[in-house]
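# Sharing a model prediction with you, sequence too.
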Amino acid sequence: QVQLVESGGGLVQAGGSLRLSCAASGRTFSRYAMGWFRQAPGKKREFVAGLSRSGARTWYADSVKGRFTASRDNAKNTVYLQMNSLKPEDTAVYYCAGHEDYSSSIYVEVSEYDYWGQGTQVTVSS
């Protein structure tokens, strides 16, 4: 099992940047493919970015491609989401998620992830 705790959310003006972190417990963090998702009020939780176990492979939703960068540091049991050029439509609760894996795959569906953090609020003002 892994426990996930997000941090780094806050209020930022449009065009600004934030860096989210997700700290994982346990000694087997490198066995987990990781993902970032977000959920705006009244909307379904949606995929933002995914990383393979090593972090060598990443994948992004079209809405954030070129603006967001996901990375991980397995030595620190932490995954990051660098968010640049933020827009008001990026406002949401952001969640990190983990999927125990034995491949280099990336997962994009909510249902594929077994472990979730509590979320961190990101608000972008216009």
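In hand now; what should we look at?

# Give me the secondary structure label for the spatially most central residue of the chain.
Nearest residue to the geometric centre of the chain (CA atoms, centre = their mean): Trp36, 2.3 Å. Three-state assignment for Trp36 (DSSP: H, G, I helix; E, B strand; the rest coil): strand.

# show me the contacts for Leu86.
Val12, Ala14, Gly15, Gly16, Ser17, Leu18, Arg67, Val122, Val124 (CB atoms under 8 Å, 6 or more residues apart in numbering). Backbone N, C-alpha and C define where each C-beta goes, glycine included.

# What strand or helix carries the closest residue in space to it that isn't next to it in sequence?
The shortest distance from Leu86 to any non-neighbouring residue, by CB to CB, 6 or more residues apart in numbering, is to Val124 (4.6 Å). Per DSSP states H and E: Val124 is located in strand 120-125.

# quick revisit: so how far is Arg27 from the residue nearest to the centre of the chain?
Plainly put, Trp36 is 23 Å away from Arg27 if you go by CB to CB, to the nearest Å.

# now do Lys87
Distance of Lys87 to Arg27, given as CB to CB: 38 Å.

# Who has more neighbours out of the two?
Lys87 (14 against 9; other CB atoms under 10 Å).

# residue contacts, that one?
So Lys87 contacts Ala14, Val124 (CB under 8 Å, 6+ apart).

# can you rerun that using 6 Å?
Lys87 makes contact with Ala14, according to CB atoms under 6 Å, 6 or more residues apart in numbering.

# What's the separation between it and Tyr102?
Lys87 is 37 Å from Tyr102, by CB to CB.

# do Thr123 as well
38 Å.

# which one of the two has more residues nearby?
Using other CB under 10 Å as the criterion, Thr123 and Tyr102 rank with Thr123 on top: 15 against 8.

# contacting residues around that one?
Residues in contact with Thr123 (CB under 6 Å, 6+ apart) are Leu11, Thr91.

# pLDDT at it, what is it?
Predicted confidence (pLDDT) for Thr123: 98.
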